[in-house]
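Enquirer: Provided below for reference: sequence and predicted model.
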Amino acid sequence: MNEVLEVFYRWQQGRKKSKIISAIGIARKTVDAYVKWFKRAGFRQYEPFGDEQEVIARLKEAKIEAIYPQPVTDSLEIYREEINDLLQEEHVDVKQAYRILKERHDIKESYSTLEAIDKSVSL
């Protein structure tokens, strides 16, 4: 929680993300995720926020699990049955299944995303 609070205080003071990243030494994605979490908890830059215990309580209410986006493979979940059916066809491999899905549904996910979901598809 110390890292989160350190990012919070610096963000709350209006510091740029790049300065926060270099000062604390964490990844940009982590800072982005924390900032989304702060906003979801109702915090705004430059506005009074109460004491540290209040900040922690509000952040816990907003639940950290929600700050990280769902895995990209989840976006293909609606096509799981179709993917499974395609991969069960005799001459269709993952790359061909990807091309078919792209043509049928104009998916934006990458081929490697479909490869990842292929590993979880039970044949």
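Expert: Cool, got the structure.

Enquirer: ok, the residue of the chain most remote from its centre to Gln53 distance?
Expert: Note on the chain: the largest C-alpha distance from the chain mean falls to Glu90, namely 35.3 Å (C-alpha atoms, centre = their mean). Glu90 sits 63 Å away from Gln53, going by C-beta to C-beta, to the nearest Å. Placement of C-beta: from N, CA and C, glycine included.

Enquirer: same check, this time on His105
Expert: Taking C-beta to C-beta as the measure, His105 and Gln53 are separated by 48 Å.

Enquirer: okay, those two: which has more neighbours?
Expert: The neighbour count for His105 versus Gln53, taken as other C-beta atoms under 10 Å, is higher for His105 (12 against 8).

Enquirer: Next, count neighbours for the closest residue to the more buried one other than its chain neighbours.
Expert: Nearest in space to His105, with sequence neighbours left out and distances taken as C-beta to C-beta, 6 or more residues apart in numbering, is Tyr79 at 6.8 Å. A count of neighbours around Tyr79, defined by other C-beta under 10 Å, yields 19.

Enquirer: For Tyr79, give me its contacts.
Expert: Leu101, His105, Ile107 (C-beta atoms under 8 Å, 6 or more residues apart in numbering).
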